[in-house]
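Participant: Could you look at this predicted model? Sequence included:
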Amino acid sequence: MVNLSIEWKLGLSRLLKLPLLNHLMRWAIRLIIPRHRIGVVVVVMNESEQVLMLRHVFHPYTPWGLPGGWLDRQESPETGVLRELKEETGLTAVLQTVLLARPQENPAHIGIAYLAQLQDGTLQLNSEIIEASWFPFDNLPGPLLPFHHDALLAATAVHHQKTLSPT
């Protein structure tokens, strides 16, 4: 490891304040540093404590899953997951907590799962969704993607904690 003097480091820091060099540094970061796709899903519960599951067009081997999709550029995960829910189902919800956040494969991405409470609305499916239905936690359709399965397990644990906790 190279031990750079403090004067050299301060000089480099001053140079990087110059607009051209700062722009080149930002360009180099975009070129060199790995980028990740981010996928978001939401476990939406209704008043009957059922979970909304969607039968997706683009998941031929695991057709049933949670509402969700890919984040747009510069979009926060919270905004993205609520946008995906609205686009796929026409429904809105209030986010409660993050259930999971971890790396995923096929395709490589970071997956984030949320728990949410349904708000009033009318179900209107978009072209990506074949059908939607509400299921109790103990009777979910399958097979599920492992991340969706784990998100549902986490949601069950959170929900169980809420029902046991005094208000």
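Facilitator: Noted; the coordinates are in hand.
Participant: Distance of residue 155 relative to residue 6?
Facilitator: 51 Å (C-beta to C-beta, to the nearest Å). To be clear about C-beta, it is placed using only N, CA and C from the backbone, and glycine gets the same treatment.
Participant: the more surrounded of these two?
Facilitator: The residue with more neighbours, out of residue 155 and residue 6, is residue 155; 25 against 7, by other C-beta atoms under 10 Å.
Participant: you'd agree that one is up against residue 99?
Facilitator: Yes: with contacts counted by C-beta atoms under 8 Å, residue 155 reaches residue 99, the gap being 5.7 Å.
Participant: Strands of the chain, start to end?
Facilitator: Secondary structure of the chain (DSSP state E): strands located at 38-45, 50-56, 64-65, 68-70, 93-104, 109-118, 129-136.
Participant: Which one, of those, ends up nearest to residue 78?
Facilitator: Across these, the minimum distance to residue 78, taken as C-beta to C-beta, is reached by strand 93-104, at 5.9 Å.
Participant: what residue lies at the spatial centre of this structure?
Facilitator: Taking C-alpha atoms, centre = their mean, the centroid of the chain lies closest to residue 40, which sits 1.8 Å from it.
Participant: From residue 32, how far out is the nearest residue to that residue once chain neighbours are set aside?
Facilitator: Nearest non-adjacent residue to residue 40, counting by C-beta to C-beta, 6 or more residues apart in numbering: residue 81, 4.0 Å away. Look at residue 81 and residue 32: by C-beta to C-beta, they are 30 Å apart.
Participant: For these two, indicate the residue with more neighbours.
Facilitator: Neighbour totals were compared for residue 81 and residue 32, and residue 81 leads with 28 against 7 (other C-beta under 10 Å).
Participant: Spit out the contact partners of that one.
Facilitator: 40, 41, 42, 67, 68, 95, 112, 114, 116 (C-beta atoms under 8 Å, 6 or more residues apart in numbering).
Participant: any idea which of these is closest to residue 125?
Facilitator: Nearest to residue 125 among those, with distances taken as C-beta to C-beta, is residue 67, at 10.6 Å.
Participant: Tell me the confidence at the spatially closest residue to that closest one that is not a sequence neighbour?
Facilitator: Leaving aside its sequence neighbours, residue 67 sits nearest to residue 85 (C-beta to C-beta, 6+ apart; 4.7 Å). Note for residue 85: predicted pLDDT of 97.
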